[in-house]
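Student: below is the structure, and that's it, no one-letter string:
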């Protein structure tokens, strides 16, 4: 069992930035892929970004490329999502999820085994 805790959400004006963090309780992220997903009201949960802890390979949704950066902090055992140039359409509950690393770095929610509770991101226009 892996328990995940997200932090860093909040309210920001359009064009602003937020940094989200995902921490694992009681274990490290080694040998795991860590992803961020988001879900806006009335919409499906969608993939945002993912990173392979071992090697640091990452992948992004087209909608956030060039604005969001996913990274791992080995010393703090955190995965962060730096979000810049936020727009109202980025507003959602952001959740991190993990799966054991294997084969491709996946972008579908069904591929991930453990999820955090999520953190709210609100962007005012």
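Tutor: Looks like it arrived, so ask away. These numbers come from a predicted model, not from an experiment.
Student: secondary structure of residue 93: a strand, I assume?
Tutor: Yes - Residue 93: assigned to a strand according to DSSP: H, G, I helix; E, B strand; the rest coil.
Student: skip the chain neighbours and tell me the closest residue to it.
Tutor: residue 118 (4.2 Å; CB to CB, 6 or more residues apart in numbering). Backbone N, C-alpha and C define where each C-beta goes, glycine included.
Student: and the residue most central in space within the chain, what helix or strand is that in?
Tutor: With distances taken as CA atoms, centre = their mean, residue 36 lies nearest the centre of the chain, 2.3 Å away. Using DSSP states H and E, the element containing residue 36 is strand 32-39.
Student: now that strand, how far from the centre of its chain.
Tutor: Distance, stretch centre to chain centre, for strand 32-39: 4 Å (CA atoms, centre = their mean, to the nearest Å).
Student: do the same with stretch 30-40
Tutor: Using CA atoms, centre = their mean, the offset of stretch 30-40 from its chain centre is 5 Å.
Student: before we move on, the earlier item: other residues contacting the strand holding residue 36?
Tutor: Here strand 32-39 makes contact (CB atoms under 8 Å, 6 or more residues apart in numbering) with 2, 20, 22, 45-53, 70, 72, 79, 81, 90, 92-101, 105-107, 109, 112, 118, 121.
Student: done for today, thanks.
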